[in-house]
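[1] model the following, please.
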Amino acid sequence: MNAFERYLPQIIKSLKATYGTDFFNSLTLQLNQVIGADYTFIAKLDAKRNTSRTISLVAKGEVLDNFEYSLHNTPCADVSGDAVCIHPQNISLLYPDDLLLVEMGIEGYIGTPLQDSEGCVTGIVVALYKNKIEDADFIASLFELFSGRISAEIEREEKQQQLTKLNATLEEKVQHRTAELSDSIENLLFTQDQLIEQEKMASLGGLVAGVAHEINTPLGVAVLSSSIIKETLFKLSAQLNKNTLSKSELENGLHKIKEIERSMSQNLSKAATLVRSFKQVAVDSNNDDLATLDLTLWLSGLVASLKPTLSNQNITIATKLPNKKLRFITYPAHLSQVITNIVSNCAMHAFDQCQASHIHQIQITLKTQKSGVLLSIGDNGMGITEDIKRHMFEPFYTTKRGKGGTGLGLSIVNNIVKSALNGELIVHSSAAQGTTFELYLPSRV
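    Model prediction:
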């Protein structure tokens, strides 16, 4: 049995399932023992091949700390140039400037280059002897036999390090990008909240304008009535002071005052009703808390506040509500905004192409459902095409660009219904057949 047959199985067995530092140290220990060297090491070269650093160093059967050394004027420089270097003896005489060899008293030297997959020398495997090497050819052959495996492991480890570094870089980039996306999402949510608030304020602004216009009429009548009463009282008082006031004149004057006062009272009552309706809507529109409502009464008040604005556009609004109290738990502010936005959308879009003689009407219907209600808001307008239906809930989609339409109303409605109110929104429409928005809203969202 030759030396290869005797030692090769032992070395291969020791390397089974080992990688990286464990592989290098295990192989260097085995080689050092088999070849009987004083020092055995595996070293990697720098890019310019000026220096090398050991990745495994064994002396007297022990793994020592790694070190770095210059290749200038050393036999390792020859090996790094892709040449197997064998000097059985007198190595210190051949390389007198290699102080390390001289100080260590090295006599024999064997070095084999390590090439990567592209044929470039990236390292060396070296054995140092303090005495003459007796079987140099066997040692060189053994080194060459394992040089490919050593090179492959060095390359694998470098690739692993590059991959680890790349993963760390990618992870850092992902974290940075995630932070940016998180900030963007927060900004978008903040912007969405602002847009919702702006839409809410715009709706309230429209209500204020409509109610103010509607209140002007009864208040104007009341002011005029007050003026007439004042004038009548002044005349009666003057006649009384002159003792010229007859019984019939007094009765006629009092009757006139009574009739005018009745008219004034009716108009002031109408104004007060409008103010109460608007006040309730304004309060509910700014109440973001969950609340228990009499939904029938609440809807009646909301519709009353919408009537003035719609009346100015020659649109009537009617309701079909249950003839009883309907206890319902929801978010009044969100529900108010949903209904107001849908009604405003109907008023803005539904009747554009309808004939002047066409009666413009919006109807709100409320039906009880299992664990919730079905609220329908429909118009008898021109309807919606399939193309518009596909896009109508997209943010900033509008057919009124440049005419006051922002394209946010229905997008906000859809988001509120699905998220805040935990409901469903379905649109039924066809050309010239009007449009109906159906909202299924569960109680206790």
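[2] check contacts around His360.
    For His360, the contact set (CB atoms under 8 Å, 6 or more residues apart in numbering) comprises 313-316, 350-351, 354, 379-381. Every residue, glycine included, has its C-beta placed from N, CA and C.
[3] quick one: pLDDT of it?
    Predicted confidence (pLDDT) at His360: the value is 89.
[4] what is it paired to in the beta sheet?
    Under the criterion DSSP bridges, His360 forms beta bridges with Ile315.
[5] distance of it relative to Gly381?
    Separation of His360 from Gly381 (CB to CB, to the nearest Å): 7 Å.
[6] for Trp65, phi and psi?
    For the record, residue 65 is Asp, not Trp. When read as degrees, to the nearest 10, the backbone of Asp65 gives phi -70, psi 140.
[7] scratch that, Val373 is what I was asking about
    Phi and psi for Val373, reported as degrees, to the nearest 10, are phi -140, psi 160.
[8] likewise for the one 4 residues further on?
    Main-chain dihedrals, Ile377, degrees, to the nearest 10: phi -120, psi 110.
[9] rewinding a little: in ChimeraX, select just the buried ones from the contacts of His360.
    The buried residues among the contacts of His360 can be selected in ChimeraX (16 or more other CB atoms under 10 Å) with this line:
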select :315,350,351,379,380,381
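[10] just the contacts of His360: which has the poorest pLDDT?
    Among the contacts of His360, Cys354 has the lowest pLDDT, at 65.
[11] ok so Leu335 is a helix residue?
    Yes - counting by DSSP: H, G, I helix; E, B strand; the rest coil, Leu335 is part of a helix.
[12] just the strands in the stretch 101-250 of the chain please.
    Remark: strands assigned in the stretch 101-250 of the chain by DSSP state E, counting those that start in this stretch are 108-115, 121-129.
[13] of these, which is nearest Glu394?
    Between Glu394 and the strands of the stretch 101-250 of the chain, the tightest spacing by CB to CB is seen for strand 121-129, at 58.3 Å.
[14] one step back: could I get the contacts of His360 as TSV with distance to Gln175?
    What follows is the contacts of His360, written out as TSV (distance: CB to CB, whole Å):
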residue	distance to Gln175
Gln313	54
Asn314	59
Ile315	54
Thr316	59
Ala350	50
Phe351	54
Cys354	57
Asp379	51
Asn380	56
Gly381	52
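[15] between which two of the contacts of His360 is the distance greatest?
    Gln313 and Asn380 (14.4 Å).
[16] quick check, pLDDT for the one residue sitting closest to the centre of the chain.
    Centroid-nearest residue in the chain: Ile185, 4.0 Å away (criterion: CA atoms, centre = their mean). As predicted, Ile185 sits at a pLDDT of 80.
[17] next one: it from Gln162, what distance?
    33 Å.
[18] ok, Asp78 - contacts?
    By CB under 8 Å, 6+ apart, the contact set of Asp78 is 85, 111.
[19] hang on, it in a helix?
    Yes - checked against three-state DSSP, Asp78 lies within a helix.
[20] scan this structure for its longest helix.
    Ranked by residue count, the top helix of the chain under DSSP state H comes out as helix 136-241.
[21] can you give me the angle that helix makes with strand 108-115?
    40 degrees (axes from the mean of the first three to the mean of the last three CA atoms, to 10 degrees).
[22] tilt between helix 136-241 and strand 121-129?
    140 degrees.
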